[in-house]
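> A structural model of the following input is requested.
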Amino acid sequence: MLNCKHLLNALSLFTPTYLVWVKAHATSRGNNYVDQLAKQGALSHTTHGPFPHNTIPLSFLRATLRTHMFQEWGSQWAAHPSCRQTKLWFPAPSSGLSKSIISLPRLEIGRVIRWLTGHNFLRRHSRIVDPMRHASDKCRLCGRDSETSEHIIAECMALDFNRMETLTAAQLTPPYCWSLRQLLKFLAPIADILEDTSDHPPPLTILTRTSSRTVILDSIASPLDALISPSSSP
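Just a heads-up that it's a prediction; the model follows:
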(Lines give C-alpha, C1' and ligand atoms only; values in the text may rest on other atoms or scores of the structure.)
Protein backbone atom coordinates (compact mmCIF):
# COMPACT_ATOMS: atom_id res chain seq x y z
CA MET A 1 0.00 0.00 0.00
CA LEU A 2 2.80 2.42 0.83
CA ASN A 3 4.48 1.81 -2.52
CA CYS A 4 1.15 2.42 -4.25
CA LYS A 5 0.80 5.70 -2.40
CA HIS A 6 4.32 6.80 -3.43
CA LEU A 7 3.65 5.90 -7.06
CA LEU A 8 0.37 7.83 -7.10
CA ASN A 9 2.08 10.86 -5.55
CA ALA A 10 4.81 10.68 -8.17
CA LEU A 11 2.23 10.34 -10.94
CA SER A 12 0.43 13.45 -9.75
CA LEU A 13 3.59 15.48 -10.40
CA PHE A 14 3.25 14.79 -14.14
CA THR A 15 -0.48 14.81 -14.73
CA PRO A 16 -3.66 15.62 -12.80
CA THR A 17 -4.68 12.47 -10.94
CA TYR A 18 -8.08 11.71 -9.44
CA LEU A 19 -9.06 8.73 -7.34
CA VAL A 20 -12.67 7.61 -7.52
CA TRP A 21 -14.18 4.86 -5.43
CA VAL A 22 -16.04 2.20 -7.41
CA LYS A 23 -18.25 -0.29 -5.65
CA ALA A 24 -16.74 -3.79 -6.03
CA HIS A 25 -19.77 -5.73 -7.20
CA ALA A 26 -20.37 -7.49 -10.50
CA THR A 27 -23.71 -5.70 -10.87
CA SER A 28 -22.05 -2.30 -10.56
CA ARG A 29 -21.94 -0.55 -13.91
CA GLY A 30 -18.79 1.35 -13.04
CA ASN A 31 -17.04 -1.79 -11.81
CA ASN A 32 -17.90 -3.65 -15.02
CA TYR A 33 -16.53 -0.77 -17.06
CA VAL A 34 -13.26 -0.74 -15.09
CA ASP A 35 -12.88 -4.52 -15.52
CA GLN A 36 -13.44 -4.16 -19.26
CA LEU A 37 -10.82 -1.43 -19.56
CA ALA A 38 -8.34 -3.48 -17.50
CA LYS A 39 -8.77 -6.47 -19.81
CA GLN A 40 -8.32 -4.30 -22.89
CA GLY A 41 -5.19 -2.79 -21.41
CA ALA A 42 -3.75 -6.23 -20.63
CA LEU A 43 -4.32 -7.38 -24.23
CA SER A 44 -3.13 -4.15 -25.80
CA HIS A 45 0.51 -3.61 -26.83
CA THR A 46 0.26 0.15 -26.49
CA THR A 47 0.77 2.07 -23.26
CA HIS A 48 0.14 5.61 -22.12
CA GLY A 49 1.54 7.69 -19.32
CA PRO A 50 4.74 9.50 -18.27
CA PHE A 51 6.61 6.45 -16.90
CA PRO A 52 9.01 4.17 -18.85
CA HIS A 53 7.44 1.21 -20.58
CA ASN A 54 8.57 -2.44 -20.55
CA THR A 55 10.66 -1.90 -17.43
CA ILE A 56 12.51 -4.71 -15.60
CA PRO A 57 10.76 -5.73 -12.36
CA LEU A 58 12.44 -4.41 -9.23
CA SER A 59 12.43 -7.90 -7.69
CA PHE A 60 14.46 -9.22 -10.64
CA LEU A 61 17.00 -6.41 -10.28
CA ARG A 62 17.38 -7.10 -6.57
CA ALA A 63 17.88 -10.84 -7.16
CA THR A 64 20.44 -10.18 -9.89
CA LEU A 65 22.40 -7.73 -7.76
CA ARG A 66 22.31 -10.12 -4.79
CA THR A 67 23.62 -13.00 -6.92
CA HIS A 68 26.41 -10.84 -8.32
CA MET A 69 27.31 -9.60 -4.84
CA PHE A 70 27.70 -13.16 -3.48
CA GLN A 71 29.74 -14.23 -6.53
CA GLU A 72 32.10 -11.29 -6.11
CA TRP A 73 32.28 -11.84 -2.35
CA GLY A 74 33.13 -15.52 -2.87
CA SER A 75 35.82 -14.75 -5.46
CA GLN A 76 37.52 -12.21 -3.22
CA TRP A 77 37.30 -14.53 -0.20
CA ALA A 78 38.86 -17.46 -2.10
CA ALA A 79 41.65 -15.28 -3.54
CA HIS A 80 42.57 -13.62 -0.23
CA PRO A 81 45.88 -15.05 1.02
CA SER A 82 45.05 -14.88 4.75
CA CYS A 83 42.41 -16.51 7.00
CA ARG A 84 43.67 -20.05 6.36
CA GLN A 85 41.99 -21.65 9.38
CA THR A 86 38.71 -19.81 8.91
CA LYS A 87 38.50 -21.03 5.31
CA LEU A 88 38.46 -24.62 6.56
CA TRP A 89 35.05 -23.85 8.06
CA PHE A 90 33.92 -21.21 5.56
CA PRO A 91 35.26 -22.25 2.13
CA ALA A 92 32.68 -19.81 0.76
CA PRO A 93 30.68 -16.99 2.37
CA SER A 94 27.55 -18.12 4.20
CA SER A 95 25.27 -15.35 5.40
CA GLY A 96 22.89 -17.85 7.02
CA LEU A 97 25.60 -19.48 9.14
CA SER A 98 27.06 -16.09 10.01
CA LYS A 99 23.67 -14.88 11.24
CA SER A 100 23.31 -18.04 13.34
CA ILE A 101 26.66 -17.37 15.00
CA ILE A 102 25.97 -13.74 15.87
CA SER A 103 22.59 -14.77 17.26
CA LEU A 104 24.28 -16.88 19.96
CA PRO A 105 24.80 -15.66 23.54
CA ARG A 106 27.82 -13.40 23.90
CA LEU A 107 30.13 -15.99 25.51
CA GLU A 108 29.35 -18.58 22.85
CA ILE A 109 29.92 -16.05 20.05
CA GLY A 110 33.40 -15.36 21.43
CA ARG A 111 34.19 -19.06 21.79
CA VAL A 112 33.07 -19.95 18.26
CA ILE A 113 34.93 -17.04 16.65
CA ARG A 114 38.14 -17.81 18.57
CA TRP A 115 38.11 -21.45 17.56
CA LEU A 116 37.12 -20.88 13.93
CA THR A 117 39.77 -18.21 13.37
CA GLY A 118 42.54 -19.79 15.47
CA HIS A 119 43.02 -16.61 17.51
CA ASN A 120 42.56 -18.31 20.86
CA PHE A 121 44.56 -19.42 23.92
CA LEU A 122 45.71 -22.82 22.65
CA ARG A 123 49.41 -23.63 22.72
CA ARG A 124 50.14 -22.63 19.12
CA HIS A 125 48.80 -19.09 19.34
CA SER A 126 49.94 -18.61 22.95
CA ARG A 127 53.51 -19.45 21.95
CA ILE A 128 53.39 -16.95 19.10
CA VAL A 129 52.17 -14.26 21.50
CA ASP A 130 54.58 -15.08 24.35
CA PRO A 131 57.32 -17.59 23.40
CA MET A 132 59.23 -16.97 26.64
CA ARG A 133 56.30 -18.19 28.71
CA HIS A 134 55.22 -21.05 26.47
CA ALA A 135 58.13 -23.36 25.69
CA SER A 136 56.28 -25.64 23.28
CA ASP A 137 53.32 -25.49 20.93
CA LYS A 138 52.76 -29.26 20.92
CA CYS A 139 49.31 -30.61 21.70
CA ARG A 140 48.94 -31.40 25.41
CA LEU A 141 46.62 -34.32 24.65
CA CYS A 142 48.54 -36.31 22.02
CA GLY A 143 51.96 -34.62 21.96
CA ARG A 144 52.23 -35.02 18.18
CA ASP A 145 51.25 -31.85 16.30
CA SER A 146 50.88 -28.17 17.05
CA GLU A 147 47.95 -27.43 19.31
CA THR A 148 45.64 -25.45 17.03
CA SER A 149 41.90 -25.28 16.50
CA GLU A 150 42.28 -27.34 13.36
CA HIS A 151 44.22 -30.06 15.21
CA ILE A 152 41.93 -30.23 18.25
CA ILE A 153 38.64 -30.23 16.37
CA ALA A 154 39.60 -32.29 13.33
CA GLU A 155 42.67 -34.44 13.97
CA CYS A 156 43.78 -35.03 17.57
CA MET A 157 43.67 -38.80 18.17
CA ALA A 158 43.00 -38.30 21.88
CA LEU A 159 39.60 -36.78 20.99
CA ASP A 160 38.49 -39.35 18.40
CA PHE A 161 35.62 -40.59 20.54
CA ASN A 162 34.57 -37.07 21.57
CA ARG A 163 34.49 -36.30 17.86
CA MET A 164 32.44 -39.37 17.04
CA GLU A 165 29.90 -38.46 19.72
CA THR A 166 29.39 -34.91 18.46
CA LEU A 167 30.72 -34.46 14.90
CA THR A 168 29.86 -38.06 13.84
CA ALA A 169 33.37 -38.68 12.47
CA ALA A 170 36.65 -39.74 14.10
CA GLN A 171 38.64 -37.42 11.81
CA LEU A 172 37.58 -34.45 9.69
CA THR A 173 38.99 -33.59 6.28
CA PRO A 174 38.74 -30.10 4.77
CA PRO A 175 36.55 -28.48 3.71
CA TYR A 176 34.70 -29.53 6.84
CA CYS A 177 31.09 -30.63 6.76
CA TRP A 178 29.63 -29.33 9.99
CA SER A 179 26.77 -27.60 11.71
CA LEU A 180 26.90 -24.95 14.40
CA ARG A 181 25.00 -27.21 16.80
CA GLN A 182 27.56 -30.01 16.37
CA LEU A 183 30.51 -27.66 16.86
CA LEU A 184 29.06 -26.16 20.03
CA LYS A 185 28.41 -29.64 21.42
CA PHE A 186 32.02 -30.67 20.73
CA LEU A 187 33.52 -27.52 22.24
CA ALA A 188 31.30 -27.36 25.32
CA PRO A 189 33.30 -29.76 27.57
CA ILE A 190 36.81 -28.92 26.33
CA ALA A 191 37.11 -25.35 25.00
CA ASP A 192 37.29 -23.40 28.26
CA ILE A 193 39.64 -25.92 29.90
CA LEU A 194 42.07 -25.97 26.96
CA GLU A 195 42.05 -22.16 26.85
CA ASP A 196 42.58 -21.84 30.60
CA THR A 197 45.96 -20.12 31.00
CA SER A 198 46.14 -20.43 34.77
CA ASP A 199 48.87 -22.48 36.43
CA HIS A 200 46.38 -25.13 37.51
CA PRO A 201 43.53 -25.52 35.01
CA PRO A 202 40.73 -27.96 35.85
CA PRO A 203 41.12 -31.56 34.65
CA LEU A 204 39.78 -32.47 31.22
CA THR A 205 37.61 -35.56 30.68
CA ILE A 206 38.18 -37.39 27.41
CA LEU A 207 35.95 -40.15 26.06
CA THR A 208 37.53 -43.54 25.38
CA ARG A 209 36.36 -46.73 23.71
CA THR A 210 34.88 -48.14 26.91
CA SER A 211 34.49 -45.19 29.32
CA SER A 212 36.45 -41.97 29.85
CA ARG A 213 39.72 -40.75 31.26
CA THR A 214 40.86 -37.64 33.05
CA VAL A 215 43.76 -35.54 31.82
CA ILE A 216 45.57 -33.06 34.06
CA LEU A 217 46.77 -30.30 31.77
CA ASP A 218 50.01 -28.41 32.30
CA SER A 219 48.63 -25.23 30.80
CA ILE A 220 51.63 -22.91 31.20
CA ALA A 221 55.28 -23.80 30.76
CA SER A 222 57.57 -22.26 33.36
CA PRO A 223 59.92 -19.46 32.26
CA LEU A 224 62.84 -21.77 33.11
CA ASP A 225 61.57 -24.39 30.65
CA ALA A 226 61.29 -21.73 27.99
CA LEU A 227 64.91 -20.72 28.50
CA ILE A 228 66.11 -24.33 28.40
CA SER A 229 64.32 -25.23 25.16
CA PRO A 230 64.03 -22.06 23.05
CA SER A 231 64.45 -23.91 19.77
CA SER A 232 60.77 -24.81 19.33
CA SER A 233 59.43 -22.68 16.51
CA PRO A 234 55.81 -21.44 16.25
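
> where in this protein is pLDDT low?
1, 22-27, 45-54, 218-234 (pLDDT under 70).

> tell me the centre residue of it?
Ser98 (2.5 Å; CA atoms, centre = their mean).

> what about the residue of the chain positioned farthest from its centre, distance to Asp35?
Within the chain, Arg29 marks the point farthest from the mean C-alpha position, 58.4 Å out by CA atoms, centre = their mean. Arg29 sits 11 Å away from Asp35, going by CB to CB, to the nearest Å. Where you see a C-beta, it was placed from the backbone N, CA and C, and this is true even at glycine.

> right, and the helix or strand after the lengthiest helix in the chain?
Across the chain, the longest stretch assigned as helix under DSSP state H is helix 58-79. Sequence order places helix 84-89 as the next helix or strand after helix 58-79, per DSSP states H and E.

> in the next helix or strand after that next one, what counts as buried?
Sequence order places helix 95-102 as the next helix or strand after helix 84-89, per DSSP H and E. Residues of helix 95-102 classed as buried: Ile101 (neighbour count, 16 or more other CB atoms under 10 Å).

> angle of helix 95-102 against helix 58-79?
70 degrees (axes from the mean of the first three to the mean of the last three CA atoms, to 10 degrees).

> elements contacting helix 95-102?
Under the contact definition 3 or more CB pairs under 8 Å, 6 or more residues apart in numbering; DSSP states H and E, helix 95-102 sits against helix 106-117, helix 180-187.

> for those, give me CSV that also has mean neighbour count.
Below are the helices and strands packed on helix 95-102 laid out as CSV (neighbours: other CB atoms under 10 Å):
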stretch, mean neighbour count
helix 106-117, 16
helix 180-187, 16
